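[1] what follows is a protein structure lacking sequence information:
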Ligand code: SF4
């Protein structure tokens, strides 16, 4: 695992597309029980090098029912985005993760993450990649049908403050889905 993480930290595969250059943000341990797969770091995470070190991360920890200390304990959580480096800005916000990253690095990482029992898929881009045809037409439907992907995968919306309206519109998420998520996470850490 240490050698693999070192190779990832030295990766320059798509550097010509990265406005701030490569700075892979990924954390994992061979004993990690839960993997969180998000999209890609934003500027704040790029600057700090600490995954989910922003308001979205705060909300995600609340959803999971864990403290920062537990969240950053790599023997509990591996944090493996679809793109490890900040991809830059587009017309309507941050660009999607670089497409080179997950095909290059996810399989080698999962091959050494042998204790993983739960993979949390944050956002539609990630869900389409991992669930393929089993993903529903919309993120809302996929999350509402989270039971269909258990025990391996747990799909979530992005915990960004911009999704406040989605949360208000879909109260079943906080009432039904989050208690199940917290219970599964608690059972593994
Ligand atoms: S985004 Fe991924 S593939 Fe591209 S340089 Fe960073 S680690 Fe390498």
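    Done, it's in. All values reported here derive from a predicted model rather than from experimental measurement.

[2] what's the span of stretch 61-80 from first residue to last?
    Separation of the first and last residues of stretch 61-80 by Cα to Cα, to the nearest Å is 16 Å.

[3] in it, what counts as buried?
    For stretch 61-80, the neighbour count (16 or more other Cβ atoms under 10 Å) marks 61, 63, 64, 66, 71, 72, 73, 76, 77, 78, 79, 80 as buried. Any C-beta I mention is one placed from the backbone N, CA and C, and that applies to glycine too.

[4] which parts of this protein sit against the ligand?
    Selection of the chain residues close to the ligand by Cβ under 6 Å from any ligand atom yields 8, 11-15, 22, 24, 83-85, 98, 100-101, 104.

[5] neighbouring strands - and their directions - for the helix-or-strand element of the chain with minimal mean pLDDT?
    Scoring the helices and strands of the chain by mean pLDDT, DSSP states H and E places strand 93-94 at the bottom, with a mean of 87. As defined by DSSP bridges, the strand partners of strand 93-94 come to strand 89-90 (antiparallel).

[6] got a list of what residue 181 touches?
    Residue 181 sits next to 63, 64, 65, 120, 154, 156 when contact means Cβ atoms under 8 Å, 6 or more residues apart in numbering.

[7] count of residues packed around residue 165?
    8 (other Cβ atoms under 10 Å).

[8] where does it fall, secondary structure wise?
    Element membership of residue 165, judged by DSSP states H and E, is helix 164-169.

[9] in the chain, which spans are strands?
    Ranges of strands in the chain, per DSSP state E, are 34-37, 77-79, 89-90, 93-94, 118-122, 153-156.

[10] quick one: closest of the ones you listed to residue 172.
    Proximity to residue 172, assessed across the strands of the chain by Cβ to Cβ, is greatest for strand 153-156 (13.4 Å).

[11] about what we covered before: what's the mean pLDDT across the helix or strand following the helix holding residue 165?
    Counting by DSSP H and E, the next helix or strand C-terminal to helix 164-169 is helix 172. Averaging pLDDT along helix 172 gives 97.
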